[in-house]
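Peer 1: below is the structure, and that's it, no one-letter string:
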């Protein structure tokens with residue numbers, strides 16, 4: 001997910017494609033991901049995660065390999081709308097729903113631990129991608145990345161399964177669960193969807209554009225890739241800390257802990273040009289970024305139980321990916337027109353501020369009226 005932003009400059013140089021086009025590819029895959037989350041979450045609830053994750057893992061790997069052959073804009077758009085979007089259709093919704101099923105207690109901590117995998121990928125993959133481009137060129141790097149992604153994702157999928165049913169787990173599920181239809185009618189569910197809609201544009205836009213923003217500020221190609229590494233490293237701390245905090249203090253307070261550092265970092269991006277300070281701000285951003293990926297799944301389980309967790313989680317993700325798909329496109333368009341990211345960064349900060357205000361109105365898990 002985080003490698004494509006590092007490759008922007010290469011696509012610009014080789015093909016002369018605009019950042020609006022390249023951002024649109026990322027955005028389109030997020031939109032497809034959100035639509036598919038409705039179905040992949042329900043498929044995982046019914047058939048388990050293994051076949052769903054294996055199929056989409058193969059699709060993702062093929063998508064990256066096919067990108068090495070593109071020569072026209074419509075070709076890369078089509079690849080992202082199909083193979084990459086399909087590959088991302090199980091991202092979080094299947095894996096984190098499975099994690100939530102395995103652990104009745106401490107879901108925040110375990111979700112944070114699982115999401116450390118994503119953070120390690122954020123740290124490792126951008127500089128690896130930059131190295132591969134330097135050594136083998138853009139096309140060679142894409143083939144290698146595609147083969148590696150497909151193999152690793154399929155191997156990981158084969159290790160996944162739902163926990164075996166027991167009388168205790170079935171009793172807990174029946175006791176604490178409302179149906180998906182009932183949950184969707186509640187004010188809390190609508191708030192969670194809206195919050196997701198407001199924060200997801202930032203989570204999709206900053207990783208997509210921050211590396212190329214770094215080169216605009218005078219960083220080298222390799223240095224700018226390490227901005228994503230800084231985000232990934234800090235997000236490890238965010239995922240673990242927020243996971244523990246959520247189990248102790250509830251989802252509302254955990255959301256707040258994530259929103260505040262992201263909002264501060266977005267405001268800082270409007271004025272920061274110093275490279276060292278930019279790295280610090282990206283680490284600050286990364287803490288909140290990582291934490292938000294550890295909050296949503298346990299929050300859904302805490303409010304509505306596990307019977308149809310995948311379907312509900314997928315619905316919330318759809319709201320996020322819909323707005324997340326727009327964020328990178330608008331940001332790319334703003335830059336192409338004004339040669340500055342300030343308007344886009346300011347808009348993202350406004351969305352985060354609105355989301356933070358809404359988070360303050362979320363109930364505690366033990367409130368009767370959710």
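Peer 2: Yes, it's here. The model shown is predicted, which means the values in this text are computed figures rather than measured ones.
Peer 1: what about the closest residue to residue 148 other than its chain neighbours, how many residues nearby?
Peer 2: Spatial nearest neighbour of residue 148, chain neighbours left out: residue 61 (7.8 Å); criterion: C-beta to C-beta, 6 or more residues apart in numbering. C-beta: built from backbone N, CA, C; applies to glycine. Residues lying near residue 61 (other C-beta atoms under 10 Å) number 22.
Peer 1: for residue 183, same thing?
Peer 2: Neighbours of residue 183 (other C-beta under 10 Å): 23.
Peer 1: helices or strands next to the helix or strand hosting it in the packing?
Peer 2: Using DSSP states H and E, the element containing residue 183 is helix 180-184. Judged by 3 or more C-beta pairs under 8 Å, 6 or more residues apart in numbering; DSSP states H and E, helix 180-184 is in contact with helix 309-338.
Peer 1: what mean pLDDT does stretch 131-149 have?
Peer 2: Per-residue pLDDT over stretch 131-149 has a mean of 94.
Peer 1: how about stretch 213-227?
Peer 2: Taken as a whole, stretch 213-227 has a mean pLDDT of 84.
Peer 1: also stretch 95-102?
Peer 2: Per-residue scores along stretch 95-102 average to 86.
Peer 1: wouldn't residue 355 be in contact with residue 259 here?
Peer 2: Yes: between residue 355 and residue 259 there is a contact at 6.2 Å, judged by C-beta atoms under 8 Å.
Peer 1: between those two, which contacts overlap?
Peer 2: Both residue 355 and residue 259 are contacted by residue 199, under the criterion C-beta atoms under 8 Å, 6 or more residues apart in numbering.
Peer 1: element containing the residue nearest to residue 148?
Peer 2: helix 49-67.
Peer 1: that helix - contacts with which helices or strands?
Peer 2: helix 19-47, helix 73-79, helix 85-88, helix 93-102, helix 107-158.
Peer 1: what's the closest of the ones you listed to residue 189?
Peer 2: Residue 189 sits nearest to helix 19-47 of all those, at 14.5 Å, using C-beta to C-beta.
Peer 1: who touches the residue nearest to residue 148 in this structure?
Peer 2: Taking C-beta under 8 Å, 6+ apart as the definition, contacts of residue 61 comprise 87, 146, 147, 148, 149, 150, 151, 153.
Peer 1: for residue 74, see how far away it is.
Peer 2: Distance, residue 61 to residue 74, by C-beta to C-beta, to the nearest Å: 22 Å.
Peer 1: go on, residue 198?
Peer 2: Computed as C-beta to C-beta, the residue 198 to residue 74 distance reads 32 Å.
Peer 1: looking at the two, which is more packed in?
Peer 2: Neighbour totals were compared for residue 198 and residue 74, and residue 198 leads with 24 against 8 (other C-beta under 10 Å).
Peer 1: and the strand or helix carrying the more buried one, which residues are buried?
Peer 2: Using DSSP H and E, residue 198 falls within helix 187-216. Burial within helix 187-216, assessed by neighbour count using 16 or more other C-beta atoms under 10 Å, is assigned to 188-189, 191-215.
Peer 1: equivalent analysis for stretch 277-288, please.
Peer 2: Neighbour-count burial for stretch 277-288 flags 278, 279, 280, 281, 282, 283, 284, 285, 286, 287, 288 (criterion: 16+ other C-beta under 10 Å).
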